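J.: Provided below for reference: sequence and predicted model.
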Amino acid sequence: MTEELSKAQRWGQFKARFWSVIGSLLAFCFVFILGGIVVMRFVTDPNLSVPLAAILAIFSATVVYVLSMKKKSRYATCPSCSAPFSMVLVDRDEQLITAVPRQTVRVVSHSAKDGTPQYQHDTWVAEFYRVTDTVECDQCGEKFERKYNKEYGSGATSSTDW
Ligand SMILES: [Zn+2]
């Protein structure tokens, strides 16, 4: 790809890089700690086990970064002209499909007198939306729709009774 990336494409690429870096940092910490524990079981010398865990962590971070960039650029690539990071969200439509009342009951404490449990009731409404995103290709102007479902919890109330 030799042509200059447009502003929107650069922004898309920046976002993809940003989240890929976050993901690989998480992978690094996770593998460094967990891998370090495993490595130390076999390699008792900390001069060896720490660099070994670090190498493992760097390796996993790289794998996560590469895979994440691949996935994100594929998602953001125009299906029509295949320009990378060219898809820009131009419209979002959310249609309420259904609202379901929900409740959870949990024991918060026990009465000091006779040990009767005290309950807390949490009620909320789970709202399900059908979302239609319209994305436009920054390069060829082609429009595409992406449909997916989304859930929101709203109107939460909390009460304690006993
Ligand atoms: Zn396009």
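T.: Looks like it came in fine. All figures in this text were calculated on a predicted structure; none of them were measured in a lab. Numbers count the residues shown, from 1 in each chain.
J.: for Arg130, which non-adjacent residue is spatially closest?
T.: Counting by CB to CB, 6 or more residues apart in numbering, Gln95 is the residue found nearest to Arg130 once chain neighbours are left out, at 4.7 Å. All C-beta atoms are positioned from the backbone trio N, CA, C, and that covers glycine.
J.: can you report how many residues lie near the one you found?
T.: Around Gln95 sit 9 other residues, with neighbours defined as other CB atoms under 10 Å.
J.: which bits of this structure sit near the ion?
T.: Residues of the chain lying near the ion by CB under 5 Å from the ion: 78, 80-81, 137, 139-140, 142.
J.: in this protein, where is pLDDT below threshold?
T.: Counting by pLDDT under 70, the chain has low-confidence residues at 1-3, 154-162.
J.: tell me how it divides into domains.
T.: 7-75, 87-161 (automatic domain parsing).
J.: just name the most buried of the ones you listed.
T.: Among the domains of the chain, ranked by average contacts under mean count of other CB atoms under 10 Å, first place goes to domain 7-75 (a mean of 15).
J.: where does Arg41 sit, in terms of helix or strand?
T.: Assignment of secondary structure by DSSP states H and E places Arg41 within helix 7-42.
J.: name the helices or strands packed onto that helix?
T.: Packing partners of helix 7-42 (3 or more CB pairs under 8 Å, 6 or more residues apart in numbering; DSSP states H and E): helix 46-75, strand 87-110.
J.: ok and that helix relative to strand 87-110, angle-wise?
T.: 40 degrees (axes from the mean of the first three to the mean of the last three CA atoms, to 10 degrees).
J.: adjust the sequence numbering to begin at 329 for everything that follows.
T.: Happy to do that; since the first residue is 329 now, the last one works out to helix 335-370.
J.: returning to what we had before: Serialize the residues of the chain next to the ion to a markdown table and add fields for secondary structure.
T.: Below are the residues of the chain next to the ion laid out as a markdown table (DSSP: H, G, I helix; E, B strand; the rest coil):
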| residue | secondary structure |
| --- | --- |
| Cys406 | coil |
| Ser408 | coil |
| Cys409 | coil |
| Cys465 | strand |
| Gln467 | coil |
| Cys468 | coil |
| Glu470 | coil |
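J.: show me what contacts the residue nearest to Arg458?
T.: For Gln423, the contact set (CB atoms under 8 Å, 6 or more residues apart in numbering) comprises 457-460.
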